[in-house]
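Enquirer: Mind folding the following:
(one chain, ligands or ions: 1)
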Amino acid sequence: MGMNENIKYDCVIIGSGPAGLTAAIYQARADIKTIVIAGNQPGGQLTITPMVENYPGFPDGVGGFKLMMDTQTQVKKLGVEIKGGLVHQVHQVESSSSFEVELESGEVLQSKTVIVATGAGVKWLGLPKEQELIGHGISSCATCDGMFFRDKTVAVVGGGDTACEDAVFLAKFTKKVFMIVRREEFRASAAEQKKVLDNEKIEIWWSSEVKELNGEEKLESVKILNNKTEKETILPLDGMFVAVGYSPATKFLEGLVKLKEMGQIVVGKNEKLVTMASVEGIFAAGDCVNENHRQAILAAGEGCRAALETQKWLKER
Ligand code: NAP
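Expert: Residues are numbered from 1 along each chain as shown. I've put the predicted structure just below:
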């Protein structure tokens, strides 16, 4: 089937984190006509990470915001158009073997291929009052909201790298940090665990789950269940930071490509095009694909591969 030459773009990249922007760099250098749809947080999740210490090439670390803004500058210098906003839906147009990417603004972009690099969003606990109390004691972003809790008592829920990083960050200026961990061990890397265990301001409650949120105008206390002893405790708190993981931002693809139960895009059926999704011509990279290992460098690497694979796919058509 021949490609329709009237299709405006060779590639629409959805997402502007490390995966999307790296894909854009590779497309530009290969003369692939590309546009990036930047989403509602241009630069992605890294832009709210104060210090990235595991991205190669930065012996003293690099600010997440700076890293992403510099990458964005690199992409723009290469002549790639970056457009703000969210994608509402992607339609496959079989007659011209292309896609229509419909933005929430109503604008429709026609493209021969799509790279999905939408990353992931915060996972909440799902308790009553949780959504109402966001911004009133409940937050998912210690680096954004931590400053409001100077000399106050806060808790971090979760036992992964994010929770450990958040706890150590908050301990710098709050009065006390509780960590509420549902198992008897962390999921975090050894390096992040050690920083928590060495910090006297952090008190860890193992085998503990938040069961209830109390407070009207703002969070006042939480009910915690010890799932070993079944003992319940009311813990007074000024703030609670939820750090229990992320879910992929792929809802807009439901019904188009195959997704895993938790929403990750299924890729890799074609062993020569391992970033291709279940629909030919749609590729995916980064946190919207991966269940584990939410890492910037991995997302960047996958973005590179997705670009190279779209190029190969387009050439073979
Ligand atoms: P994560 O690794 O998925 O850890 C989630 C944590 O929350 C686990 O302790 C989990 O407990 C707990 N949890 C999940 N659902 C829960 C619920 N409903 N109630 C209570 N606890 C719950 O998530 P993350 O820490 O956000 O990290 C995500 C990815 O980003 C990981 O791959 C991580 O390595 C990476 N990351 C890396 C860095 C770094 O390299 N410095 C920094 C941040 C994040 P269980 O263990 O019992 O499941």
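Enquirer: going forward, measure contacts between C-alpha atoms and count neighbours the same way
Expert: OK.
Enquirer: List the contacts of the strand ranked longest in the chain.
Expert: The strand that spans the most residues within the chain, counting by DSSP state E, is strand 108-116. Residues from elsewhere that reach strand 108-116 (CA atoms under 8 Å, 6 or more residues apart in numbering): 3, 7-15, 20, 97-103, 281-285, 288, 306-307, 310.
Enquirer: Just the ones in helices from those, please.
Expert: 20, 306-307, 310 (DSSP state H).
Enquirer: How about the residues of the chain by the ligand?
Expert: Applying CA under 6 Å from any ligand atom, we find that the chain lies next to the ligand at 125, 158-163, 182-183, 186-187, 243-246, 292-295.
Enquirer: Quick check: buried residues in stretch 55-71?
Expert: Buried positions in stretch 55-71, judged by neighbour count with 16 or more other CA atoms under 10 Å: 62-68, 71.
Enquirer: Going by distance to residue 274, which of these wins?
Expert: Distance to residue 274 across the buried residues of stretch 55-71 (CA to CA) is lowest for residue 71, with 24.7 Å.
Enquirer: Please report how far that closest one lies from residue 156.
Expert: Residue 71 sits 31 Å away from residue 156, going by CA to CA, to the nearest Å.
Enquirer: Also residue 281?
Expert: Taken as CA to CA, the span from residue 281 to residue 156 is 41 Å.
Enquirer: out of the two, which sits in the busier spot?
Expert: Neighbour comparison, residue 281 and residue 156: the larger count goes to residue 156, with 28 against 21 (by other CA atoms under 10 Å).
Enquirer: host element of that one?
Expert: Secondary-structure assignment from DSSP states H and E places residue 156 in strand 153-157.
Enquirer: What is the subsequent helix or strand relative to that strand?
Expert: Strand 153-157 is succeeded, C-terminally, by helix 161-171 (DSSP H and E).
Enquirer: Show me how far the helix or strand bottoming out on mean pLDDT in the chain is from its chain's centre.
Expert: The helix or strand of the chain with the poorest confidence is helix 142-145; it has a mean of 87 (mean pLDDT, DSSP states H and E). Offset of helix 142-145 from its chain centre (CA atoms, centre = their mean, to the nearest Å): 16 Å.
Enquirer: and if you look at stretch 284-296?
Expert: Taking mean C-alpha positions (CA atoms, centre = their mean), stretch 284-296 and its chain are 8 Å apart.
Enquirer: Run through the chain and note the low-pLDDT ranges.
Expert: Across the chain, the ranges flagged by pLDDT under 70 are 1-5.
Enquirer: Tell me how it divides into domains.
Expert: Per automatic domain parsing, the domain ranges recorded for the chain read 2-121+246-316, 130-242.
Enquirer: For the shortest one, measure first residue to last.
Expert: Translated: domain 130-242. 10 Å.
Enquirer: Stretch 211-220 now?
Expert: Counting by CA to CA, you get 14 Å between the two ends of stretch 211-220.
Enquirer: Repeat that for stretch 205-223.
Expert: 13 Å.
Enquirer: who's in contact with that stretch?
Expert: With contacts defined as CA under 8 Å, 6+ apart, stretch 205-223 is touched by 127-130, 133, 136-138, 157, 178-185, 224-228, 232-239.
Enquirer: List only buried entries from these.
Expert: Applying 16+ other CA under 10 Å to the contacts of stretch 205-223 flags 130, 133, 136-138, 157, 178-183, 224-226, 235, 237-239 as buried.
Enquirer: wait, what's in contact with residue 8?
Expert: 33, 109-111.
Enquirer: need those residues in CSV with distance to residue 316 and neighbour count, can you?
Expert: Output for the contacts of residue 8, formatted as CSV (distance: CA to CA, whole Å; neighbours: other CA atoms under 10 Å):
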residue, distance to residue 316, neighbour count
33, 17, 18
109, 23, 17
110, 20, 22
111, 16, 25
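Enquirer: Between which two of these is the distance greatest?
Expert: Of all pairs drawn from the contacts of residue 8, the widest gap by CA to CA lies between 33 and 109 and measures 12.3 Å.
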